[in-house]
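Colleague: Fold the following.
(chains A and B, ligands or ions: 4)
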Amino acid sequence: MQPLVQVNDLKMHFPLRKGIVVQRQIGSVKAVDGISFDIDEGETLGLVGESGCGKSTAGRAILQVRKPTAGSVRFRGTELVGLGKAGMSVYRRHLQMIFQDPYASLNPRISVGEAIAEPIRVHGLRHGADVAQRVRELMEMVGLSQSMMTRYPHEFSGGQRQRIGIARALAVEPEFIVCDEPVSALDVSIQAQVINLLEDLQQRLNLTYLFIAHDLGAVKHVSNRIVVMYLGKIVEIADSVEIYRRPLHPYSKALVSAVPVPSPKLERKRSRILLNGDLPSPINPPSGCRFHTRCPIAIKRCATEEPPLVEHGSKHKAACWMI
Amino acid sequence: MTHLLEVRNLHTHFRTPGGGLVRAVDGVSFSLDRGETLGIVGESGSGKSVTSLSIMRLLSKPAGFIAGGEIHLDGRDLLAMSEREMRRVRSKEIAMIFQDPMTSLNPVVPVGRQIAEPLRVHMRMTPRQARGQAIELMGRVGIPEPHQRVDDYPHQFSGGMRQRVMIAIALTCNPKLLIADEPTTALDVTIQAQILELIRQLQAELEMAVIIITHDLGVVAGVADRVNVMYGGRIVESGPTDYIFEQPRMPYTIGLLRSVPRVDDDSDNRLVPIRGTPPDMGKPIVGCAFAPRCDHAHSRCLDAAPTLRTVAPDHRAACHFDITLDTPTTAAPSVPAIEWGGVSSNP
Ligand SMILES: Nc1ncnc2c1ncn2[C@@H]1O[C@H](COP(=O)(O)OP(=O)(O)OP(=O)(O)O)[C@@H](O)[C@H]1O
Ligand SMILES: Nc1ncnc2c1ncn2[C@@H]1O[C@H](COP(=O)(O)OP(=O)(O)OP(=O)(O)O)[C@@H](O)[C@H]1O
Ligand SMILES: [Mg+2]
Ligand SMILES: [Mg+2]
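Modeller: Numbering: from 1, shown residues only, chains lettered A, B, ... in the order given. Ligands and ions are numbered 1, 2, ... in the order given. Here you go, the predicted model:
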């Protein structure tokens, strides 16, 4: 079966300019620097890694929010890179995004019903009275009562706003949704509600997700497979249980060991792999393996030669010379 | 011996522009011993930060004020102190670090000078001594090459390194108590692990007491000796960390523990969320603040707020009933429970 989304050697570099009147390009931020993976239909692929490693940029590059610097993104086999605005408009509706802060994407002067109706009208999916019917359906689907249709964004709690954001994304009947930190801004006791909602909707509507989050527990829970990124590159991809049980890359090992678990007994027994220092700058990434400057097991070769992402057992890939 | 810190029946309120009153902290009592680490958990708006700002007497005035209660540090009543005495406490005895160090660091002053400043003022060091000590402290909190970085500005540091700078500033006064309000929430897990390890090490070396405020149950499990769970401006459960996690007795704590997805859980089970939303602190809360979301709620819960009663030795919970992890969520509560140590109706 053909994967729903195929990402191949995708790159997104941002020019770094200096000067006020005459701008010169003095380098570039290699936010995403050659990543490849497939996402199957109905699957949830998790994307994790330190802040600034390029997760959101990768999500946006896949959705063609901005033209990638290089590489390929295929949706049901069709190349999206280079399609242009007109070409993309056919696909736009199938590819949606849910953000961390739904409030920022909602117009405070537009009622919630209108906000959900807007994408339906823009894409001409329903007409006349059917629009309102569809809005009611969507609100019901995300667990908002229909009586809230005429209310304004500020009258809603964070969890409810996230539901509105989800309803808006669903309004255009997408097949693929990039969920970028969808629960990070929510109260702990509300996060589980939204995660369950996303899972239910996936079942019901056969959705495919790319799920980006810094809460590794949440990512593990929702994902079938997980991609670990470091400084614009993929260091490991594996089944979500496998990556926590048997991480291969030293960065993944450190990441997994750093996640606290809500059990004092387990916490006392655990040993952590503490990394030194911070994430280096993506403007001048380290040579060779980008992780070698912080890696506890790096050898000489790591500083000069970049390790390829290779298969280590079924569906498990990692990029490290020391495996 | 007296406790290092004792908070008794603290009430902290805010007046809102509309003439309303927010009972942000509504009758909170707890104590903390020397060298102990207390974790305070609870969701957004539950009163965690206001509790610590009350201890520091740093509430935003004039909206916020302490409406009642006592706060004793080493037996002295902080609420009875003059502003001048209180400044001394803040510079020599209690230090505080926040989630976003950028808001507490001065962006136009090199970090070394910001660390040296309190040393000059409060420890009466010469500028040279203070600079030397600042470099030493920077090294101690794990900032690499402190000699080279001492004249750098805050924006030249990463989030994790800025938090280390804040910790260095906090340490200048050798505090008895360090209050860390979400010190790692803005950081990546790998950096969080470094900072928590640093706090743990320093605490052991300096015999500091620490209050760590967080919404992450995992963080609490790893660092705290005792835990206060807050909800709606009150402490709803309090006890040694192991009890809170292994034998929680308040339905909110139980609900939280059940709803959090864990990395050590390989099952595909659906999460069990807590329904509804947290209370609106701008409205007076009658009865148990958690009742509208509680699976075990009874008419009594809506009428009367449960007191924080002792449910086991050294373990208190605010619930009218004897709920445990084993109580089926569908079961209606039976006989109201009474104080532990008394004749329990439900042995
Ligand atoms: N439009 C842009 N112009 C220049 N640089 C950018 C732009 N967008 C992102 N970057 C840079 O690209 C890198 C990756 O950013 P990105 O937002 O993708 O990270 P992330 O993994 O999503 O981080 P976080 O977990 O903090 O959301 C960062 O160094 C960021 O500063
Ligand atoms: N300056 C203020 N004016 C009015 N109300 C305030 C003010 N500061 C806090 N509050 C209110 O007091 C209550 C408790 O706030 P607090 O900051 O202690 O919450 P918290 O538990 O620290 O939450 P978070 O996890 O979001 O930091 C909230 O309802 C908040 O809206
Ligand atoms: Mg991001
Ligand atoms: Mg707070």
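
Colleague: pretty sure B:Ala221 contacts A:Lys269?
Modeller: No: assessed by C-beta atoms under 8 Å, B:Ala221 is found out of contact with A:Lys269, at 11.7 Å. Placement of C-beta: from N, CA and C, glycine included.

Colleague: Settle it for me: which of those two has more neighbours?
Modeller: B:Ala221 (24 against 8; other C-beta atoms under 10 Å in any protein chain shown).

Colleague: so how far is A:Ile190 from that one?
Modeller: Going from B:Ala221 to A:Ile190 by C-beta to C-beta, to the nearest Å gives 21 Å.

Colleague: And A:Arg93, by the same measure?
Modeller: Counting by C-beta to C-beta, the separation of A:Arg93 from A:Ile190 is 29 Å.

Colleague: who has more neighbours, the two?
Modeller: Higher neighbour count among A:Arg93 and A:Ile190: A:Ile190, with 25 against 16, using other C-beta under 10 Å.

Colleague: Pretty sure that one sits in a helix.
Modeller: Yes: applying DSSP: H, G, I helix; E, B strand; the rest coil, one finds A:Ile190 inside a helix.

Colleague: Distance-wise, check it relative to A:Gly158.
Modeller: 7 Å.

Colleague: Can you find the helix or strand in chain B with the smallest mean pLDDT?
Modeller: helix B:101-104 (a mean of 82; mean pLDDT, DSSP states H and E).

Colleague: quick check, it touching ligand 2?
Modeller: No: Helix B:101-104 is not in contact with ligand 2 by C-beta under 6 Å from any ligand atom; minimum separation 13.2 Å.

Colleague: what's downstream of that helix, the next helix or strand?
Modeller: helix B:111-122 (DSSP states H and E).

Colleague: Now find how far off-centre that following helix is within its chain.
Modeller: Here helix B:111-122 is found 26 Å from its chain centre; the criterion is C-alpha atoms, centre = their mean, to the nearest Å.

Colleague: May I have that helix as PDB, with CA atoms only?
Modeller: These are the backbone C-alpha positions of helix B:111-122, laid out as PDB (Å, rounded to 0.1, in the frame of the first residue of the first chain):
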ATOM      1  CA  VAL B 111      24.900  38.500  34.100                       C
ATOM      2  CA  GLY B 112      28.100  38.500  36.200                       C
ATOM      3  CA  ARG B 113      27.100  41.900  37.500                       C
ATOM      4  CA  GLN B 114      23.600  40.700  38.300                       C
ATOM      5  CA  ILE B 115      25.100  37.900  40.400                       C
ATOM      6  CA  ALA B 116      27.700  40.200  42.000                       C
ATOM      7  CA  GLU B 117      25.200  42.900  42.900                       C
ATOM      8  CA  PRO B 118      23.600  41.200  45.900                       C
ATOM      9  CA  LEU B 119      27.000  40.000  47.100                       C
ATOM     10  CA  ARG B 120      28.200  43.600  47.200                       C
ATOM     11  CA  VAL B 121      25.000  45.000  48.800                       C
ATOM     12  CA  HIS B 122      24.100  42.300  51.300                       C
END
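
Colleague: ok, whichever residue of the stretch 151-300 of chain A sits closest to ligand 1 - contacts?
Modeller: Proximity of the stretch 151-300 of chain A to ligand 1 (C-beta to the nearest ligand atom) peaks at A:Pro282, 4.7 Å away. By C-beta atoms under 8 Å, 6 or more residues apart in numbering or on different chains, the contact list for A:Pro282 reads A:29-31, A:33, A:52, A:54, A:231-232.

Colleague: now those in TSV, with distance to B:Arg113, neighbour count and pLDDT?
Modeller: Formatted as TSV, these follow (distance: C-beta to C-beta, whole Å; neighbours: other C-beta atoms under 10 Å in any protein chain shown; pLDDT from 0 to 100):
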residue	distance to B:Arg113	neighbour count	pLDDT
A:Val29	31	19	91
A:Lys30	35	22	93
A:Ala31	34	23	95
A:Asp33	38	24	96
A:Gly52	28	20	89
A:Gly54	35	25	94
A:Leu231	32	24	95
A:Gly232	35	24	96
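
Colleague: Now the two most distant members of those.
Modeller: Largest separation among the contacts of A:Pro282 by C-beta to C-beta: A:Asp33 and A:Gly52, giving 12.9 Å.

Colleague: List the buried residues in the helix ranked longest in chain B.
Modeller: The residue-count maximum for a helix in chain B (DSSP state H) belongs to helix B:189-206. For helix B:189-206, the neighbour count (16 or more other C-beta atoms under 10 Å in any protein chain shown) marks B:189-199, B:202-203 as buried.

Colleague: Can you check the distance spanned by stretch A:178-185, start to finish?
Modeller: One end of stretch A:178-185 sits 17 Å from the other (C-alpha to C-alpha, to the nearest Å).

Colleague: average model confidence for it?
Modeller: Mean pLDDT, computed over stretch A:178-185, is 91.
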